[in-house]
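J.: got a predicted structure here, sequence first:
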Amino acid sequence: MAKAPRPGKVKTRLSPPLTSDQASALNICFIRDTTENIKQVTEASNSAGLVAYTPIGDEAAFDGLLPGGFQLLAQRGDGFGERLLFVCEDLFTWGFASVCLIDSDSPTMPQPALLQAVKSLSRAGDRMLLGGSDDGGYYLIGVKRPHHRLFEQIDWSTERVFAQTLERAREIALPAELLPTWYDVDDAATLDRLQRELVSPHAGAYDAKHTRAYLESLRQCTTSKAC
């Protein structure tokens, strides 16, 4: 799930400390690292990767950013819950047996968590996979059917999203499996956390090489005051 990386339209909560152009460039790095992470998972498992993007008509923003074999799917729907649900429905219509929706704000997302999700969803029986974020949201939701209830009456962009999604699963008696907790990078505090992690990687963290290189270039630029 990704927005077209246009200045002033993505990662706006990172401005400041970054400029809108820097935040957009960092978002491009996030997309590169996340999709390369997913590509490696697809090569090691029976899965495929694609980007569900918004806004419609801005697909050219992804030219040259995605690994080979990735497709683009335009998001549809009014609210965030609708867009998540409709992406699920569209992918099941395309013939997928299960779907994982993953954010583009977690460039160091552990690859073992993604592999675990694919393995779990390949087993018989209906279930939901949920990878929670430290801020109370989630970085991944995996389903084997497009359960509407999972995306209804959710207070999106709040610390209640993860708990409410688990509650919706309980309401429809849908078994839920949890993945390791991770974090989204969406403000100055989590950007600082990301920078520390790229210096001293957390066990299992994905090697986000594009993000690391860009943040290092910003650091050198600030230090030298040459740009």
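T.: Now that the structure is in, tell me what you want to look at.
J.: next, find the distance separating Phe70 from Leu194.
T.: As defined by Cβ to Cβ, to the nearest Å, Phe70 lies at a distance of 24 Å from Leu194. Every residue, glycine included, has its C-beta placed from N, CA and C.
J.: more crowded one of these two?
T.: Counting neighbours by other Cβ atoms under 10 Å for Phe70 and for Leu194 shows that Leu194 has the greater number, 23 against 16.
J.: report pLDDT for the closest residue to that one other than its chain neighbours.
T.: Distances taken as Cβ to Cβ, 6 or more residues apart in numbering place Val185 nearest to Leu194, at 5.0 Å, with adjacent residues excluded. For Val185, the model assigns a pLDDT of 96.
J.: pull out the buried positions in the lengthiest helix in the chain.
T.: Looking across the chain with DSSP state H, the single longest helix is helix 20-44. Neighbour-count burial for helix 20-44, counted by 16 or more other Cβ atoms under 10 Å, picks out 20, 22-42.
J.: check stretch 196-203 too.
T.: 197-198.
J.: just the mean pLDDT for that stretch, thanks.
T.: For stretch 196-203, the per-residue pLDDT averages 84.
J.: got it, and stretch 126-146?
T.: 97.
J.: same deal with stretch 41-53?
T.: 96.
J.: ends of that stretch, how far apart?
T.: 20 Å (Cα to Cα, to the nearest Å).
J.: which outside residues touch that stretch?
T.: 1-4, 31, 35, 38-39, 59, 61-62, 66-67, 69-75, 83, 87, 96, 101, 111, 114-115, 118-119, 122 (Cβ atoms under 8 Å, 6 or more residues apart in numbering).
J.: now stretch 95-104
T.: Counting by Cβ under 8 Å, 6+ apart, 1-3, 27, 30-31, 34, 38, 48, 52, 84, 87-88, 91-92, 109, 114, 117-118, 121-122, 129, 139-144, 146, 184 sit against stretch 95-104.
J.: just the buried residues out of the contacts of stretch 41-53, in ChimeraX syntax.
T.: With 16+ other Cβ under 10 Å as the criterion, this ChimeraX line picks the buried residues out of those:
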select :1,2,3,4,31,35,38,39,61,62,66,70,73,75,83,87,96,101,111,114,118
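J.: out of the contacts of stretch 41-53, list just those in strands.
T.: 2-3, 71-74, 101 (DSSP state E).
J.: may I see the residues you listed organised as TSV, with distance to Val161 and pLDDT added?
T.: Formatted as TSV, the ones in strands among the contacts of stretch 41-53 follow (distance: Cβ to Cβ, whole Å; pLDDT from 0 to 100):
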residue	distance to Val161	pLDDT
Ala2	18	97
Lys3	18	96
Gln71	27	95
Leu72	26	97
Leu73	22	97
Ala74	24	97
Leu101	13	98
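J.: which one of those is nearest Gln153?
T.: Using Cβ to Cβ, Leu101 comes nearest to Gln153 of the ones in strands among the contacts of stretch 41-53, at 18.1 Å.
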